[in-house]
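In: Sequence plus predicted model, see below.
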Amino acid sequence: MTVYVFDGTMDGLLTAVFDAFALKEQPEQLLSTGDMLPLFCDHSYQVTADEEKAQRVWTGLEKRLSHEAMKLISVSWLSELKELNTPLFLYICKVFRQPVGAPSIERDFTDPHVLEVTNIARRVLHEQLRMKQFIRFQKAKDGTYLGVVSPDHNVLPIVIDHFRDRFNDQPWLIYDAGRHYGYYYSGTGSPIRITFKDETAVPFDLSNGKLDADVLSSDDQLMQDLWRTYFKAICIKERMNPRKQLNDMPRRYWKYMTENG
């Protein structure tokens, strides 16, 4: 068994594809640095990420795959799942092994690697939809709206345009507490990616997304209190269905919800 080992980056994965063809090899697995090698590994090769090689592979993919397939590949990578590495690597290798003029394999769901990459991309897109539905904003005294999230997958890059279009006349910050970065929008231009050097000094609680009382707008505090009162008032205890509630809104989102305060 031949195994390639890479640095866990997209450039590294694409470089692995380039090297596999240059070396005329077909590895069975692509592992991240630090992963345990399989018991029956005969040969392992350490891939050194190379931006130029990666770009050549990506350009080649753009010539062979549809825009939709390229998007699914990009989206699947946002899953951050280690189990994606080998299927995505082998999927891309198969694309380049297709004869010129042959039908694209991108919709061949009998192929386990195409199916796995597509299913993972769909999971990420589902998470993206939930982020659009479940983000709760709080208004600070300076007029900035804060939303804190901690999604399973790294979906902020693909939800930011939605919030820029929907709230394009007001400043906001959406922060991923699990990945320690966010996007800030000033009310004009494009959202910018930000990080905090010292998260202990931020004016909000990373565990539940709540703004500190001294920076929370008094109007927003009033609205939160009114919303919680309304939420409790419309709840009919006899018709509560906890199982359906969990299906519609998984428990991991609850800590950032206003109605959970």
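Out: Arrived safely.

In: List the buried residues of the longest helix along the chain.
Out: Of all the segments of type helix in the chain, defined by DSSP state H, the longest one is helix 112-134. Judged by neighbour count (16 or more other Cβ atoms under 10 Å), helix 112-134 contains these buried residues: 113-114, 116-118, 120-121, 124-125, 127-128, 130-131, 134. Heads up, the C-betas are built off the backbone N, CA and C, glycines and all.

In: And the furthest pair within those residues?
Out: Comparing all pairs in these by Cβ to Cβ, the longest separation belongs to H113 and F134, at 31.9 Å.

In: Next up, the contacts around L31.
Out: For L31, the contact set (Cβ atoms under 8 Å, 6 or more residues apart in numbering) comprises 3-6, 37, 85-86.

In: contacts for the longest helix of the chain?
Out: Taking contacts as Cβ under 8 Å, 6+ apart, the residues outside helix 112-134 that touch it are 72-73, 75-76, 78-79, 81, 83-84, 86-88, 90-91, 94, 105-109, 149, 151-153, 155-156, 158-159, 162, 249-250, 253, 256-257.

In: Next: stretch 1-15.
Out: Residues from elsewhere that reach stretch 1-15 (Cβ under 8 Å, 6+ apart): 16, 19-20, 25-33, 35, 37-38, 40-51, 53-55, 57-58, 77, 85, 88-89, 92.

In: follow-up on the earlier one: and the next helix or strand past the longest helix of the chain?
Out: Towards the C-terminus, the helix or strand next in line after helix 112-134, according to DSSP states H and E, is strand 138-139.

In: so what does that following strand touch, helix or strand wise?
Out: With contacts defined as 3 or more Cβ pairs under 8 Å, 6 or more residues apart in numbering; DSSP states H and E, the packing partners of strand 138-139 are strand 145-149, helix 218-234.

In: The longest helix of the chain to strand 145-149, inter-axis angle?
Out: Orientation note: helix 112-134 sits at an angle of 140 degrees relative to strand 145-149 (axes from the mean of the first three to the mean of the last three Cα atoms, to 10 degrees).

In: for helix 112-134, what is the average pLDDT?
Out: Helix 112-134 carries an average pLDDT of 95.

In: Please state the offset of it from the chain centre?
Out: Centroid separation for helix 112-134 versus its chain: 9 Å, with Cα atoms, centre = their mean, to the nearest Å.

In: Same check on stretch 46-56?
Out: Offset of stretch 46-56 from its chain centre (Cα atoms, centre = their mean): 23 Å.

In: ok, and for it, which residues are buried?
Out: Within stretch 46-56, the residues scored as buried using 16+ other Cβ under 10 Å are 47, 49, 53-54.

In: And the residue positioned nearest the centre of the chain, how close does it get to A16?
Out: Taking Cα atoms, centre = their mean as the criterion, N154 is the residue nearest the geometric centre of the chain, at 2.2 Å. For N154, the distance to A16 equals 21 Å [Cβ to Cβ, to the nearest Å].

In: wait, the residue nearest to the centre of the chain sits on E80?
Out: Yes: the criterion here is Cβ atoms under 8 Å, and N154 meets it with E80 at 5.5 Å.

In: just to revisit the earlier point, just the contacts of L31: which are in strands?
Out: The subset of the contacts of L31 located in strands under the criterion DSSP state E comprises 3-6.

In: from the residues you listed, which is closest to M240?
Out: Distances from M240 to those, taken by Cβ to Cβ, are shortest for F6, at 48.9 Å.

In: how close does that closest one get to Q55?
Out: Computed with Cβ to Cβ, the distance linking F6 and Q55 is 16 Å.

In: Show me where the stretch 51-200 of the chain has its helices.
Out: With DSSP state H, counting those that start in this stretch as the criterion, the stretch 51-200 of the chain has helices at 51-64, 67-77, 85-97, 112-134, 156-166.
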